[in-house]
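*Asks:* Any chance you can model this:
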Amino acid sequence: MKAAILVIEGTNCEDEGSKAFEKVGFETEKVHLKQLTKDCSRERHRTLSDYDVLFIPGGWSAGDYIRAGAIFGARMKSTLGDELQEFIDDEKIIVGVCNGFQVLVESGILPGVNGISEKAEGVLTINANGRFQCRPTYLKHENACRITEGIGVGEIMQVPVAHAEGRLTFGDRDDEMLGMLEKNGQIVFTYCRPDGRPAEGIVPWNPNGSLADIAGICNPKGNVLGMMPHPERVMESIQQAEWTRRCYVGGDGLKLFKSIADNLKP
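*Replies:* Next up is the predicted model:
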């Protein structure tokens with residue numbers, strides 16, 4: 001199993017993402033966008049279809065100018081649009097975390113009801129309280145997609161966030177799009193309280209004011225997942241905020257990456 005960790009200027013968490021996939025048995029490679037577009041020396045050329053998973057990490061790609069993830073999303077879509085659509089149609093896996101989620105929304109890959117949309121249908125915008133949030137959050141696994149089918153539906157996970165722009169909104173189409181996401185089972189993770197009760201948009205349980213407490217969504221096929229919290233940062237028990245009070249067998253983020261690996265194993 002091979003995972004490409006996609007990078008450009010300003011991305012980070014590629015090291016954590018790479019180590020997370022390696023921990024569950026993947027061969028990983030950090031691949032610059034220019035390697036996939038062949039805008040580099042021939043020996044560094046890479047082809048997207050050679051990988052089983054594309055992971056888009058967090059960070060501040062291209063300085064997050066215009067909007068978070070907008071430039072990375074536009075560059076990726078304009079140069080790799082057909083290859084990305086083929087990658088998705090071939091039921092390979094794409095995961096975008098934090099800035100990666102922003103990239104997937106800005107590029108029109110998510111929510112992806114009709115494939116890659118011409119324009120972004122939503123945005124991950126400035127947190128409702130206007131402040132950067134770096135804290136543990138609790139996530140409820142609402143719907144299992146192909147990527148998360150190894151995690152029990154209704155399971156509560158503690159996964160940290162670190163973002164200033166994580167509030168998912170579709171603007172005037174909030175009600176319409178929320179209904180569609182619910183109907184299609186595309187809401188994978190929501191922010192919740194420690195006991196699983198809804199966050200109801202309240203900080204700190206919902207750190208950004210995201211629509212319906214949404215923390216992560218998938219495409220209808222279930223092979224593209226975007227989420228704001230960072231599972232790659234809690235792969236080990238001692239990385240959990242409550243590790244001295246609860247008995248962890250590995251970090252909660254390990255569940256997600258193990259689920260991906262188990263899905264791809266023959």
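
*Asks:* where do the strands sit along the chain?
*Replies:* 2-7, 27-32, 53-56, 93-97, 123-125, 133-141, 156-163, 167-169, 187-192, 214-218, 224-227 (DSSP state E).

*Asks:* will you turn these into a markdown table that also has mean pLDDT, distance to D175 and mean neighbour count?
*Replies:* Using the backbone N, CA and C atoms, a C-beta is placed for each residue, glycine as well. Shown next, in a markdown table, are the strands of the chain (pLDDT from 0 to 100; distance: least, C-beta to C-beta, whole Å; neighbours: other C-beta atoms under 10 Å):
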| stretch | mean pLDDT | distance to D175 | mean neighbour count |
| --- | --- | --- | --- |
| strand 2-7 | 98 | 33 | 24 |
| strand 27-32 | 98 | 39 | 16 |
| strand 53-56 | 98 | 29 | 27 |
| strand 93-97 | 98 | 25 | 27 |
| strand 123-125 | 98 | 16 | 22 |
| strand 133-141 | 98 | 22 | 20 |
| strand 156-163 | 98 | 25 | 21 |
| strand 167-169 | 98 | 11 | 23 |
| strand 187-192 | 98 | 14 | 25 |
| strand 214-218 | 98 | 14 | 28 |
| strand 224-227 | 98 | 21 | 28 |
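
*Asks:* For the stretch 1-150 of the chain, which segments count as helices?
*Replies:* With DSSP state H, counting those that start in this stretch, the ranges of helices along the stretch 1-150 of the chain come out as 14-23, 33-36, 70-89, 99-106.

*Asks:* right, so of those helices, which gets closest to V249?
*Replies:* Closest approach to V249 among these (C-beta to C-beta): helix 14-23, 13.7 Å.

*Asks:* by contact count, what packs against that closest one?
*Replies:* strand 2-7, strand 27-32, strand 53-56, helix 252-264 (3 or more C-beta pairs under 8 Å, 6 or more residues apart in numbering; DSSP states H and E).
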